[in-house]
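K.L.:
here is the input, now give the coordinates:
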Amino acid sequence: MKKSRIIPLILSALLVSLPGCSDSGTGNNTDSSSSQTESVSSADAVSSKAENSESGDEINLDISLALGNSWESEGKTCYEYHGTITNNETEAVNGWSVSIPVNSDSSLSGGWGGIISLENSTVSITPEDYNSVIEAGGKIEFGIQILSSGEIDLSKAVCKASKGGGAVSQAENQNQNSSNSGGEAVKNTGAKEVPPATTDDWLSVKGSKIVDSDGKEVWLTGCNWFGYNTGTNCFDGLWACDLNSSLASIADHGFNLLRIPISTELINNWENGNYPEANYNNATNSYLEGMNSLEIFDYVIGQCRANGIKIMIDIHCAVTDSMGHMKPLWTDGDISEEDYLDGLEWMAERYKDDDTIIAYDLENEPHGKQNESPRAKWDDSKDADNWKYIAEKAANTVLDENPNVLVMVEGIEIYPRDIKKNGDFKSQNEDDYFFNWWGGNLRGVADNPVDLGKYQNKLVYSPHDYGPAVYEQPWFEGGYTFDSLYEDCWYDNWFYIQDKNIAPLLIGEWGGYMTEPNVTWMTYLRQLISENKINHTFWCFNANSGDTGGLVKDDFMTWDTEKYEFVKEVLWQKDGKFVGLDHEIPLGENGITLSDY
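P.N.:
The predicted structure is shown next:
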């Protein structure tokens, strides 16, 4: 997928940016034949007032619409739009609606955050029970996916709402959504008492296994929750859900590791004493009031510790942007290599005495095709675009500050078929390369493995893998089996690393919608994970991942029980209990400690 641009549509006199815009999911359309679209046209921002649906008077609401992503599907282009409505009134509004005229050949592909319909070439978005009321100063978010021959003219969108109404309590939201959807509601809990930080849970590598301080094998089975990378400056979804309850629920459901995507820009801001505003529901998360975004992050660490969850920091993008992960390198705009390394160094030093953070994913999905510039490569050079070389620098930067944490090194997108003829990646011919998902091509390890010297026992390789719901890669065409996926994609791209005892693997992202043919792919990958005890973090907890959906539904408070039961089979368990990675603190209400295990 490629970088999008924000097209703000303002329905008030105040021009606002799009905070908390949802990460579209994977950023993983990477086969050489793929043709995902980068929008190059522009639309002028327009200003008007939202309309009171009862009186016709103006209401001071801001609505921002953004083209988040686009890709080829069914002979057309699927355009994904993200929307935010902010209430600038001094009282609540309710019964909001948004209508957007679309092209006559358009069809509705999907969406979240509201009841979405398409009739007479107009898309209508109306609220679910949980977000029908927007409190004063509050906001809601939604997304739509439209198959069409061209982009939507966002300037023709209309927003309506009524003044009045009051907040629906979180408990009421949970009851409504669990009864309406058949899902399992997040239990409403308060903050847990935070125990002191410890340093006895550090992990290391032994052959193809990850082991604890006693040398005993552990199994990292976690999930992702994004938002610190998007501009929300905290977790996405806190506009609807309660932070304490959600973290407790993740632990109770047996995820022992939380991969937290974050931007270098946000870390650099924190390092320099700047604290971008965290966007969350003040009523639902009132206990966060008065904290800046870094203090909220520290609060998250404390609640993860209290629930027995360990954390992996994922440098997901350079610039804070919901589509920032589309950029191929660890640099972008004003964010330089030095800024990238400084951010890692600052984080590693700040949390070196707290084994809640046990790992750093050094860079999310380095990528780029042979004819793109810049693009990430993997060779034995000291070039600025050589991910293998930069990964070694980044790993040593982290480990010099904290020699106890694990470092995850992802792959790239392309790798030469003949390194003797094209080891410098100079060929522009796609036939000269192997292709895989962004971050999923680790063929280079066979020729030029990452060398961390005295820190080699901290190295884990971390591929990403997705199914046909994200993109119809060549290995999916014409049907596929476990054996064909193993031979055509998994083994040569990354599984050989574990199979040959070179290093452990952690699949940093995998997941998707519970529909065919995606479920078949997920079932086969789950089989590979289960049979080989591969470490993994499922993508994702968020409901607002357009390519994959989430473990929770649109309200961020109702678990998708079908998807959860699917993933549960590859969560670390013993005798019906989930196994955590802390020696003293059990994993949630349904788990045990490493000492108990």
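
K.L.:
tell me which element the spatially most central residue of the chain falls in.
P.N.:
In the chain, the residue lying closest to the centroid (C-alpha atoms, centre = their mean) is residue 226, at 4.3 Å. Counting by DSSP states H and E, no helix or strand carries residue 226.

K.L.:
settle this for me: it is touching residue 542, isn't it.
P.N.:
Yes: counting by C-beta atoms under 8 Å, residue 226 does reach residue 542; the two are 5.8 Å apart. (Each C-beta comes from the backbone N, C-alpha and C, glycine too.)

K.L.:
so where's the chain shaky on pLDDT?
P.N.:
Scanning the chain for pLDDT under 70 picks out 1-57, 68-75, 130, 165-182.

K.L.:
now the helices for it?
P.N.:
For the chain, the helices defined by DSSP state H cover 170-181, 243-252, 264-271, 293-307, 337-350, 387-401, 419-422, 444-447, 482-485, 496-499, 518-532, 561-568.

K.L.:
what's in contact with the last one?
P.N.:
Which is helix 561-568. Helix 561-568 has contacts (C-beta atoms under 8 Å, 6 or more residues apart in numbering) with 182-184, 223, 253-254, 511, 514, 519, 522, 526, 538, 549, 551.

K.L.:
before we move on, what about the fourth one?
P.N.:
By C-beta under 8 Å, 6+ apart, the residues outside helix 293-307 that reach it are 191-195, 197, 228, 233-235, 243-244, 247-248, 250-251, 258, 260, 266, 270, 275-278, 288, 291, 310-311, 351, 354, 356-357, 582, 585, 587-588.

K.L.:
any quick PyMOL command for the buried ones out of those residues?
P.N.:
A single PyMOL command selects the buried members of the contacts of helix 293-307 (16 or more other C-beta atoms under 10 Å):
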select buried, resi 191+192+194+228+233+234+235+243+244+247+248+250+251+258+260+266+270+275+276+278+288+291+310+311+351+354+356+357+582+585+587+588
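
K.L.:
in strands, which of the contacts of helix 293-307 fall?
P.N.:
Filtering the contacts of helix 293-307 for membership in strands, criterion DSSP state E, returns 258, 260, 310, 311, 357.

K.L.:
which single one of those is nearest to residue 333?
P.N.:
Nearest to residue 333 among the ones in strands among the contacts of helix 293-307 is residue 260, at 22.5 Å by C-beta to C-beta.

K.L.:
quick one: contacts for the closest one?
P.N.:
Contact analysis of residue 260 by C-beta under 8 Å, 6+ apart lists 224, 225, 226, 228, 300, 311, 312, 313, 314.

K.L.:
coming back round to it: which residue packs closest to the residue nearest to the centre of the chain, ignoring adjacent ones?
P.N.:
Distances taken as C-beta to C-beta, 6 or more residues apart in numbering put residue 261 closest to residue 226, at 4.3 Å, once the chain neighbours are dropped.

K.L.:
distance of the one you found from residue 336?
P.N.:
From residue 261 across to residue 336, the span is 20 Å (C-beta to C-beta, to the nearest Å).

K.L.:
more neighbours, these two?
P.N.:
residue 261 (29 against 14; other C-beta atoms under 10 Å).

K.L.:
if I pick the more buried one, what's in contact with it?
P.N.:
In this structure, residue 261 makes contact with 23, 224, 226, 227, 228, 229, 314, 316, 317, 325, 364, judged by C-beta under 8 Å, 6+ apart.

K.L.:
pull the number of nearby residues for residue 217.
P.N.:
Close neighbours of residue 217, defined as other C-beta under 10 Å, add up to 12.

K.L.:
quick check: beta-bridge partners of it?
P.N.:
residue 211 (DSSP bridges).

K.L.:
gap between it and residue 496?
P.N.:
20 Å.

K.L.:
what does residue 394 give?
P.N.:
For residue 394, the distance to residue 496 equals 24 Å [C-beta to C-beta].

K.L.:
neighbour count for the two, which is higher?
P.N.:
Between residue 394 and residue 496, counted using other C-beta under 10 Å, residue 394 has the larger neighbour count: 24 against 16.

K.L.:
by neighbours, which of the contacts of helix 561-568 wins?
P.N.:
residue 511 (32 neighbours).

K.L.:
could you pull up the residues touching it?
P.N.:
By C-beta under 8 Å, 6+ apart, the contact set of residue 511 is 466, 522, 538, 539, 540, 548, 567.

K.L.:
who are the neighbours in contact with the second one?
P.N.:
This points to residue 522. So residue 522 contacts 467, 510, 511, 512, 514, 566 (C-beta under 8 Å, 6+ apart).

K.L.:
torsion angles phi and psi at the second one?
P.N.:
The reference is to residue 510. phi -160, psi 150 (degrees, to the nearest 10).

K.L.:
circling back: need the contacts of residue 511 in a markdown table (columns: distance to residue 138).
P.N.:
Output for those, formatted as a markdown table (distance: C-beta to C-beta, whole Å):
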| residue | distance to residue 138 |
| --- | --- |
| 466 | 34 |
| 522 | 36 |
| 538 | 30 |
| 539 | 28 |
| 540 | 24 |
| 548 | 27 |
| 567 | 32 |
